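# Need a 3D model of the following:
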Amino acid sequence: MGKIWRSLLQENYMQRLFVFFLLNLLCLSVQGATLEFAFQLGERQEPRLDRLLSDVARQMAFSSDSVKLIAKGMGGTVVEWDVQNRQKREIRNINAKRWFAYSTGTNQLLVQDASDNVTVLSIESGNETHLTNGEYESGSLSADGAFAVLSKGDDEVEIWQLVEQDPKTGKSVGSTQKLKTLQTNLPVRNGLTLSDNGQLIAAAEGSYRDGEGHRTAVEIWNTTDEEPTHVFNTGEILGVWNVLFSPDAALLAVDTQKNAESGIRVWEIKTGRQLLAKSGFEAYWTRALAFSPTSDYLASGDESGYLRVWDISEAESVIWETYPTGIQSLAFSPDGAYLAIALWDATIQVLHWRNEQ
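Below is the predicted model of the structure:
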């Protein structure tokens, strides 16, 4: 029976792979948004059935000049791809810790090693700034590298001020310190993110109670306040895989999971108005979300290999493409030229992105 099952999976994969390569020959264009295959990073490997390959990019981010792509593999290795010559170099092995954060403005990583040391690492110089130690489940870093937020998965969020570098001398200015701790209503079990401008925090929280099932909510905080400014109640869903601000910090997006079907939601932060609410996707989890640089589109990728690009103002998908295997992470380049798609076969498919509206 096992051999038959593996044979069927292999046949399905090859069929989807054939369709995928056909689509790569086409340019996908709907309502002004255009995607076209540009190039591939990495060599294709046979996806495993029991777990993801160590080279699958769990998280990705482009550098501020859009010429480098930083990717953290499932096995913990962080690599930097040169987009122009398609070459990569290993930055550091995080020893399979599940999260890291990247600062586009300072080209720094917020990482956690096997000894639970939380460190800010400069990609260019290799210099490290030790922040703290502990079993933190999530963290985020502002684009200017001035602030970090951390959570251990309990009902607290720590706000840290990081050491600044004098641009003329390269010496440290000020000191790294924990500014304060915010008290959340529920445990921060589903993710934590800081807006690029370092002013807003989103904590995705969750709980389980008999008779109520799973409850998930997202609290929005100003870093200067002691109470949340908004609480977005997602209702009785299992949890979220992603929580992220738009580049202009005006919107918040999460994925949803209920009854073995995934979905996505987008809120306008200032008004609390829900702009996009989709559910009932075939895939169990929507594993990847990414806002376009102009914040008017949202890309989503799921375990079934479906890539969708959503026009937020219209609340509808304008591009829908199917890949031969699951999508693990997505990243738009800041200059709006590329959308990178990390697949379960360990490749990163890089597409030309154009928004002609």
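# Tell me where the stretch 1-150 of the chain is predicted with low confidence.
Under the criterion pLDDT under 70, the flagged ranges of the stretch 1-150 of the chain are 1-32, 93-99.
# What segments of it are helices?
In the stretch 1-150 of the chain, the helices defined using DSSP state H, counting those that start in this stretch lie at 2-24.
# what about the strands in it?
Applying DSSP state E, counting those that start in this stretch to the stretch 1-150 of the chain gives strands spanning 27-30, 33-41, 57-62, 68-73, 77-82, 87-93, 101-103, 108-112, 117-122, 128-133, 138-141, 147-151.
# In CSV, list those strands along with distance to Thr216.
In short, each C-beta sits where N, CA and C put it, glycine included. Converted to CSV, the strands of the stretch 1-150 of the chain look like this (distance: least, CB to CB, whole Å):
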stretch, distance to Thr216
strand 27-30, 32
strand 33-41, 30
strand 57-62, 21
strand 68-73, 25
strand 77-82, 29
strand 87-93, 32
strand 101-103, 21
strand 108-112, 24
strand 117-122, 25
strand 128-133, 27
strand 138-141, 14
strand 147-151, 15
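# Now distance to Val231 and mean neighbour count too, for those strands, in a markdown table please.
Formatted as a markdown table, the strands of the stretch 1-150 of the chain follow (distance: least, CB to CB, whole Å; neighbours: other CB atoms under 10 Å):
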| stretch | distance to Val231 | mean neighbour count |
| --- | --- | --- |
| strand 27-30 | 35 | 14 |
| strand 33-41 | 32 | 17 |
| strand 57-62 | 26 | 23 |
| strand 68-73 | 30 | 24 |
| strand 77-82 | 34 | 18 |
| strand 87-93 | 37 | 14 |
| strand 101-103 | 23 | 25 |
| strand 108-112 | 26 | 25 |
| strand 117-122 | 27 | 19 |
| strand 128-133 | 27 | 16 |
| strand 138-141 | 18 | 25 |
| strand 147-151 | 17 | 25 |
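# Which among those strands is found nearest to Ala283?
Closest to Ala283 of these is strand 57-62 (CB to CB; 17.0 Å).
# Out of the strands of the stretch 1-150 of the chain, which gets nearest to Leu307?
Leu307 lies closest to strand 33-41 among the strands of the stretch 1-150 of the chain, at 8.3 Å (CB to CB).
# Mind giving me the packing neighbours of the closest one?
With contacts defined as 3 or more CB pairs under 8 Å, 6 or more residues apart in numbering; DSSP states H and E, the packing partners of strand 33-41 are strand 27-30, strand 306-311, strand 316-322, strand 338-343, strand 348-355.
# tell me the angle of the longest one relative to strand 77-82?
The reference is to strand 348-355. Strand 348-355 runs at 50 degrees relative to strand 77-82, counting by axes from the mean of the first three to the mean of the last three CA atoms, to 10 degrees.
# likewise the second one?
Computed by the same axes, to 10 degrees, the angle separating strand 306-311 from strand 77-82 equals 60 degrees.
# Tell me the strands beside strand 306-311, with direction?
Strand 306-311 pairs in its sheet with strand 297-301 (antiparallel), strand 316-322 (antiparallel), by DSSP bridges.
# tell me the most buried of these?
strand 297-301 (a mean of 25; mean count of other CB atoms under 10 Å).
# Show me how far that one is from its chain's centre.
11 Å (CA atoms, centre = their mean, to the nearest Å).
# And stretch 227-241, by the same measure?
Relative to the centre of its chain, stretch 227-241 is centred 18 Å away, using CA atoms, centre = their mean.
# And stretch 329-336, by the same measure?
A distance of 11 Å separates the centroid of the chain from that of stretch 329-336, by CA atoms, centre = their mean.
# Tell me which residues are up against it.
57-66, 69, 71, 83, 104, 247, 287-294, 299-301, 307, 338-342, 353-355 (CB atoms under 8 Å, 6 or more residues apart in numbering).
# cutoff 7 Å now
57-62, 64, 66, 69, 104, 288-293, 299, 301, 339-342, 353, 355 (CB atoms under 7 Å, 6 or more residues apart in numbering).
# contacting residues around the closest residue to Leu179 other than its chain neighbours?
Counting by CB to CB, 6 or more residues apart in numbering, Ile159 is the residue found nearest to Leu179 once chain neighbours are left out, at 4.7 Å. Taking CB under 7 Å, 6+ apart as the criterion, Ile159 is in contact with 147, 149, 179-180, 182, 223.
# Poorly predicted segments of the stretch 151-300 of the chain, please.
Scanning the stretch 151-300 of the chain for pLDDT under 70 picks out the ranges 164-174, 212.
# 80 - rerun?
Filtered on pLDDT under 80, the stretch 151-300 of the chain yields the residue ranges 163-175, 208-213, 235-238.
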